[in-house]
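Engineer: Next comes the sequence, and after it the predicted model I'd like to discuss.
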Amino acid sequence: MKLRYFAWLRTRIGRGEEMLDPPAEVATVAALVAWLATLGPGYAAALAEPKLVRVAVNQDYVGPDHPVRRGDEIALFPPVTGG
Amino acid sequence: MKLRYFAWLRTRIGRGEEMLDPPAEVATVAALVAWLATLGPGYAAALAEPKLVRVAVNQDYVGPDHPVRRGDEIALFPPVTGG
Amino acid sequence: MIRVEEPPFDVGAELGAFGRNDIAVGAVASFVGYVRGTEAGAPLVALTLEHYPGMTERQLAAIEAEARTRWPLKDVLVIHRHGRMLPGEPIVLVAVSSAHRQAAFEACQFLMDWLKTKAPFWKLEETAEGTQWVDAKASDDDAADRWRKDAP
Amino acid sequence: MIRVEEPPFDVGAELGAFGRNDIAVGAVASFVGYVRGTEAGAPLVALTLEHYPGMTERQLAAIEAEARTRWPLKDVLVIHRHGRMLPGEPIVLVAVSSAHRQAAFEACQFLMDWLKTKAPFWKLEETAEGTQWVDAKASDDDAADRWRKDAP
């Protein structure tokens, strides 16, 4: 699946997007975030406070129980601050 | 005192302003409006519904008990509809 | 600034320049009222705004002063036309600048609501059938009443 | 209309033209957000807006659609810039036209409140000390929450 990161999640993780292939048991947004946090210190720092992480699947906001599937575009970012 | 009329009060009374010298017992806005209504059919028509008449003394809104004095500029008009 | 004037004003020029003199301005809220082409279904030929010279400026200045006591505003601009105007022409413009958006929005709405119920203007509509004074709307009184500060 | 773009836009030209194609428009409410020259007392060098291309346009279109279900609107214009911008430059413009002022005011405020909490933009402030991501404000969530339609 395609992962995208924005704002300080991007700078902490050190990249804006990547293709990843998580194990089959990673079936929800919450599981995906937990798995990502194990990928390295940058990921761990970026995802240390899961309540500050917003997730969009295929460009729509979703909650932690939303399923994630191969082929999805999944974006992680902090609360938005535009306008 | 100087009387000024606006909008449909002006068109019913038939003039925009005039100098008038009401009797001494006409000491309040309410009394003035009642006295004006006796001056002719145009005045009577304009002032038939006193609750539709707004009054300003020296360019400030006032209530029916406000005193009126020689030398005042007193304006009568319907509820405003600008903006 | 309060301006009561007869000729049409240039909405783009006014709003393009407004608030640009102050680098502390983060938010500009504005409202422009235009003459609509129809009233109650009938085509409108023109609208004439009568006003009470002197009292108009006085009331608008008082409304601006009241807004400034309620919100931390930078600039305030109120332009209100009088005289005869055609469909599509602007009647009134209110613009407010502030550091933050909530103050700008609220003050702009407050200024319009109070202006509608306190500024001595009266609308005369002109249609093919003739002319008619516009009645005050209860909804305008209700809108203005939202801003009343009742004693506790 | 939704526009997400990088260069500065001309506030006067946008607002001067807005809503002028429809004689039924009686009211235009608008909001413009500008880059302030200081943040928390420190002079701001620049502000950079990062966004999520694609999702931004999608969310803004959804916000406009939601506003149109709630109020009888004529035109809606949302311009939101991304990239690096300097103090005094406009960041965002929201304009709404309607027959009557209350709908225009409410919809304009609704659009800004929802945009602030739903459109995927992130502000990076640049001062002499370096750069810093702006934290989301609880007050923005509160403002957006006003418009929630809770089930009875």
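Structural biologist: In hand now; what should we look at?

Engineer: does C:Glu64 sit in a helix, a strand or a coil?
Structural biologist: Using DSSP: H, G, I helix; E, B strand; the rest coil, the structure places C:Glu64 in helix.

Engineer: Point me to the residue of chain C nearest chain B.
Structural biologist: Nearest to chain B in chain C, going by C-beta to the nearest C-beta, is C:Phe121, at a distance of 2.5 Å. In short, each C-beta sits where N, CA and C put it, glycine included.

Engineer: Could you check how many residues crowd around the residue lying closest to that residue once chain neighbours are set aside?
Structural biologist: Leaving out its chain neighbours, the residue that sits closest to C:Phe121 by C-beta to C-beta, 6 or more residues apart in numbering or on different chains is B:Gly82, at 2.5 Å. Residues near B:Gly82, counting by other C-beta atoms under 10 Å in any protein chain shown, number 26.

Engineer: in terms of contact, does B:Gly82 touch C:His51 like I think?
Structural biologist: Yes - using C-beta atoms under 8 Å, B:Gly82 is in contact with C:His51, at 7.1 Å.

Engineer: Now do the shared contacts for the two.
Structural biologist: C:His80, C:Ala119, C:Pro120, C:Phe121, C:Trp122 (C-beta atoms under 8 Å, 6 or more residues apart in numbering or on different chains).

Engineer: Spell out whether the lengthiest helix in chain C and chain B are in contact.
Structural biologist: In chain C, taking DSSP state H as the definition, the longest helix is helix C:101-118. Yes - judged by C-beta under 8 Å from any C-beta of the partner chain, helix C:101-118 comes into contact with chain B at C:Met112, C:Leu115, C:Lys116, C:Thr117, C:Lys118.

Engineer: Same check on stretch C:8-17?
Structural biologist: No - Stretch C:8-17 is not in contact with chain B by C-beta under 8 Å from any C-beta; minimum separation 14.8 Å.

Engineer: Just to be sure, A:Thr38 is in a strand?
Structural biologist: No - with three-state DSSP as the criterion, A:Thr38 is located in coil rather than a strand.

Engineer: contacting residues around it?
Structural biologist: A:Ala44.

Engineer: Please apply the same query to the one 5 residues further on.
Structural biologist: For A:Tyr43, the contacting residues are A:Arg12, A:Ile13, A:Leu36, A:Ala37, by C-beta under 8 Å, 6+ apart.

Engineer: Ok, C:Arg70 next?
Structural biologist: Neighbours of C:Arg70 in contact, by C-beta under 8 Å, 6+ apart: C:Glu106, C:Ala107, C:Phe110.

Engineer: Distance of C:Pro43 relative to D:Ile23?
Structural biologist: 9 Å (C-beta to C-beta, to the nearest Å).

Engineer: overlap in contacts of the two?
Structural biologist: Common neighbours of C:Pro43 and D:Ile23 (criterion: C-beta under 8 Å, 6+ apart): C:Gly37.

Engineer: higher neighbour count, these two?
Structural biologist: More neighbours surround D:Ile23 than the other of C:Pro43 and D:Ile23, with 15 against 11 (other C-beta under 10 Å).
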